[in-house]
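Chemist: I would like the atomic coordinates for the input below:
(4 chains)
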Number of protein chains: 2
Amino acid sequence: MSTQTTIIDSSQLPLKMLILDAARKLFAEHGYAQVSMRKLATTIGYSPTTIYHHFKDKKELFLCLTEETYRDFLHAINEILSVSKSPRDALKNILHTFVTMGLENPNAYRVGFMMETDLWKVRDSQFEHNPLGKTMYDRINSCVKKCMLPGSTDEDILVTSNSIIAATHGLTALLVTYPNFEWGPVHKLKKQVIDSAVDSIV
Amino acid sequence: MSTQTTIIDSSQLPLKMLILDAARKLFAEHGYAQVSMRKLATTIGYSPTTIYHHFKDKKELFLCLTEETYRDFLHAINEILSVSKSPRDALKNILHTFVTMGLENPNAYRVGFMMETDLWKVRDSQFEHNPLGKTMYDRINSCVKKCMLPGSTDEDILVTSNSIIAATHGLTALLVTYPNFEWGPVHKLKKQVIDSAVDSIV
DNA sequence: ATCCTCGCTTAACAGTGTTAAGCTGGGGAT
DNA sequence: ATCCCCAGCTTAACACTGTTAAGCGAGGAT
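Modeler: All right, here's what the predicted structure looks like:
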């Protein structure tokens, strides 16, 4: 057994990267259910089994990609927070970006925020499988808190924050699910949904 | 060829009804993807092929069930409209019921309003496969219109209505997707989301 | 008795996620 | 130089999935 001077971390192994790159592309183009392990394998020129040497199963592969999605969103949020004047401004900007990013990559949004997964159904591990998602959520939460009166209770903050998230998510989800319905001009929808939600903060 | 004095309409054929009843139950319990045609067949005591004599494919079967969902929602909406004093009252009641019904039957809600289907992606057949959905949508739309100033443009009405629907849908979708997350008291969330959206109507 | 039709089944095709078992080529040890 | 081992990959299979072509068999009509 040699000294383990592993400089390259396992997530950057060429083959693992190759799989993730191909999977990201295919998932984005066709959606989760439409991409089979076999198709993925042939596009990278390996046998299906090879994928299973780097990922436990299809779900774990999907989870890696959702983490990327969360990372992207978190990155954008951090950027906005660092340049915004007021918390209210920051919040509205974050929500606008949220919708925009969702519409730019609808399949990623689906997988990240709309998918039926038993992972999210475990009671006592709310964000165990999704620390980046938790960070994201916390950023928004604390931003909402800053917009509220100092005396607000924790529950008030929680409910307000979640309500705003819900409204924003709803618009994105609707546009992602029914992309061809005549919803009206997207920028107006975004403005109305976000303004209604945020401006209702006391 | 006999005279076609068919009194019982085809949707009430015993076997077709049997299939739908079983499917509705299984879908509600396990979700769309988890119910296979074979499992459905064995639970009703027939071979899988038999189902295909009554439904073109799994998608058509699922569509029949979504129509039931839409019918239920529409029924509730009509009931509320017939007893409400003001349009604003009616609208808020409708939206509250919308969330409540969604949470009561999350799998039906998923299939009806959150599912990835190429059906909704056809450009010029917005509601062709879903007339009940259209009626539902129109009811809400006209209710929003009544809440607005007489001079409002069609686009304003459209955007306002869709924004309200989006916010409400967002809450339901979030609760359906992450049922075990600590969102806070559901009744408060409903109130906040719906009030923020509806009270923003000028 | 024959035929024919209707309701259903058998058996198969092509595809899915997943895994046990095996092959193979290159590097370290002898 | 030879051996051996093991990492990395593949083959082949299992148990599923949606779907369909072909066929069976009982009952009524002629």
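Chemist: when you work out contacts or count neighbours from here on, use the C-alpha atoms and nothing else.
Modeler: Fine.
Chemist: tell me who's in contact with the residue most central in space within chain A.
Modeler: Centroid check for chain A by Cα atoms, centre = their mean gives A:Tyr70 as the closest residue, at 3.8 Å. Under the criterion of Cα atoms under 8 Å, 6 or more residues apart in numbering or on different chains, the contact list for A:Tyr70 reads A:112, A:132-133, A:136.
Chemist: which one of those residues is nearest to chain B?
Modeler: A:Gly112 (10.7 Å; Cα to the nearest Cα).
Chemist: distance-wise, check the residue of chain A found nearest chain B relative to A:Ala90.
Modeler: Nearest residue of chain A to chain B (Cα to the nearest Cα) works out as A:Gly170 at 3.1 Å. Applying Cα to Cα, to the nearest Å, the value for A:Gly170 to A:Ala90 is 20 Å.
Chemist: who's more crowded, those two?
Modeler: In this view A:Gly170 and A:Ala90 are compared by other Cα atoms under 10 Å in any protein chain shown, and A:Gly170 has more residues nearby, 26 against 23.
Chemist: confidence score at the closest residue to DNA strand C within chain A?
Modeler: Nearest residue of chain A to DNA strand C: A:Ser36, at 3.0 Å (Cα to the nearest atom of the strand). Per-residue confidence (pLDDT) for A:Ser36: 97.
Chemist: what about it, neighbour count?
Modeler: Neighbours of A:Ser36 (other Cα under 10 Å): 14.
Chemist: next one: A:Leu158
Modeler: Neighbours of A:Leu158 under the rule other Cα under 10 Å: 19.
Chemist: and what of A:Glu29?
Modeler: 15.
Chemist: for it, which three-state class applies?
Modeler: Judged by DSSP: H, G, I helix; E, B strand; the rest coil, the three-state class of A:Glu29 is helix.
Chemist: pLDDT at it, what is it?
Modeler: So A:Glu29 comes in at 92 (pLDDT).
Chemist: A:Ser11 now?
Modeler: A:Ser11 is assigned 46 on the pLDDT scale.
Chemist: ditto for A:Thr6
Modeler: As summarised for this prediction, A:Thr6 has a pLDDT of 34.
Chemist: now do A:Asp124
Modeler: At A:Asp124, the model reports a pLDDT of 43.
Chemist: same question for A:Leu15.
Modeler: With respect to pLDDT, A:Leu15 has a value of 88.
Chemist: DNA strand C contacts on chain A?
Modeler: Counting by Cα under 7 Å from any atom of the strand, the residues of chain A close to DNA strand C are A:33, A:35-39, A:48-49, A:52, A:56-59.
Chemist: could you work out the most separated pair of those?
Modeler: Greatest spatial distance in the residues of chain A next to DNA strand C: A:Ala33 and A:Thr49, 18.8 Å, computed using Cα to Cα.
Chemist: host element of the residue nearest to the centre of chain A?
Modeler: Element membership for A:Tyr70, per DSSP states H and E: helix A:58-83.
Chemist: flag the shaky bits of chain A, pLDDT-wise.
Modeler: For chain A, the stretches flagged by pLDDT under 70 are A:1-13, A:119-126.
Chemist: so where do the helices sit in it?
Modeler: A:14-30, A:37-44, A:48-52, A:58-83, A:87-104, A:106-109, A:131-147, A:154-177, A:186-199 (DSSP state H).
Chemist: Serialize the ones you listed to TSV and add fields for distance to B:Val144.
Modeler: Output for the helices of chain A, formatted as TSV (distance: least, Cα to Cα, whole Å):
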stretch	distance to B:Val144
helix A:14-30	36
helix A:37-44	47
helix A:48-52	52
helix A:58-83	33
helix A:87-104	24
helix A:106-109	29
helix A:131-147	28
helix A:154-177	17
helix A:186-199	14
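Chemist: ok, which of these comes nearest B:Lys190?
Modeler: helix A:154-177 (8.0 Å).
Chemist: which parts of that closest one are buried?
Modeler: Under the neighbour-count criterion of 16 or more other Cα atoms under 10 Å in any protein chain shown, helix A:154-177 has A:156-177 buried.
Chemist: tell me the contacts of A:Gly31?
Modeler: A:107-108.
Chemist: could you measure from it over to DNA strand D?
Modeler: Remark: distance between A:Gly31 and DNA strand D (Cα to the nearest atom of the strand, to the nearest Å) = 17 Å.
Chemist: do the same with A:His169
Modeler: Distance of A:His169 to DNA strand D, given as Cα to the nearest atom of the strand: 30 Å.
Chemist: got it, and A:Val198?
Modeler: The gap separating A:Val198 from DNA strand D is 43 Å, by Cα to the nearest atom of the strand.
Chemist: thanks a lot, see you next time.
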